[in-house]
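> what's the 3D shape of this:
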Amino acid sequence: MNLTKENFYDTINDNKVVLVDFWASWCGPCLMLTPVVETLEVEYKGKAIVGKVDTQAETYLSTEYGIRSLPTLVLFKDGKPVEQFVGVRPKSFYSDKLDYYLN
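Residues are numbered from 1 along each chain as shown. Model prediction:
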C-alpha cells in the first residue's frame, strides 16, 4: 500500500497494526527490501497493513517521524509508533514483530 500524507493518518489510526517502510528510489538497500515488504503485505492482508512511504515525495511524513536513514521501518499499534527498525533485516524478523503486536 502506498502511503501519502492524504491517507497515512487514517491508515495508522483505523488499523490495529501497521508496518510502514520509509524508502527512496535511489536507496539500494531499500530496493533490496522491496520484495520482503511486498510479500509481507500479501501475507498479512486482513490482519495488518504493510505500506510504503516514498520519502522523496512525502518529506513532511519523513520529518515528522524523524527518518534520517533509509530504509527505516516504523511499526504502529493503535495509531502510535511502538518500534523503529533501520536497515535491511530478514523477512522473519518483520513477521515476528507483526505477530507479536497482533496478539
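> and Val53, its phi and psi?
phi -120, psi 120 (degrees, to the nearest 10).
> count of neighbours near it?
23 (other Cβ atoms under 10 Å). The C-beta positions use only the backbone N, C-alpha and C, and glycine is treated the same way.
> start at 46, not 1
Renumbered: residue one is now 46, and that last one reads Val98.
> quick one: contacts for it?
48-49, 53, 65-68, 106-107 (Cβ atoms under 8 Å, 6 or more residues apart in numbering).
> buried only: go through those for me.
48, 53, 65-68, 106-107 (16 or more other Cβ atoms under 10 Å).
> so how far is Lys61 from Glu109?
Using Cβ to Cβ, to the nearest Å, Glu109 is found at 21 Å from Lys61.
> what do you get for Gln101?
Taken as Cβ to Cβ, the span from Gln101 to Lys61 is 29 Å.
> now do stretch 123-131, average pLDDT.
If you average the pLDDT over stretch 123-131, you get 98.
> list the buried residues in it.
For stretch 123-131, by 16+ other Cβ under 10 Å, it's Phe130.
> send me it as CSV with only the CA atoms.
Taking C-alpha atoms only, stretch 123-131 is exported to CSV below (Å, rounded to 0.1, in the frame of the first residue of the first chain):
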residue,chain,number,x,y,z
ASP,A,123,-3.4,1.5,17.7
GLY,A,124,-2.1,4.7,15.9
LYS,A,125,1.1,5.1,17.9
PRO,A,126,4.7,4.2,16.8
VAL,A,127,5.9,1.3,19.0
GLU,A,128,9.1,0.3,17.3
GLN,A,129,11.5,1.5,14.6
PHE,A,130,14.0,-0.5,12.6
VAL,A,131,16.8,0.9,10.5
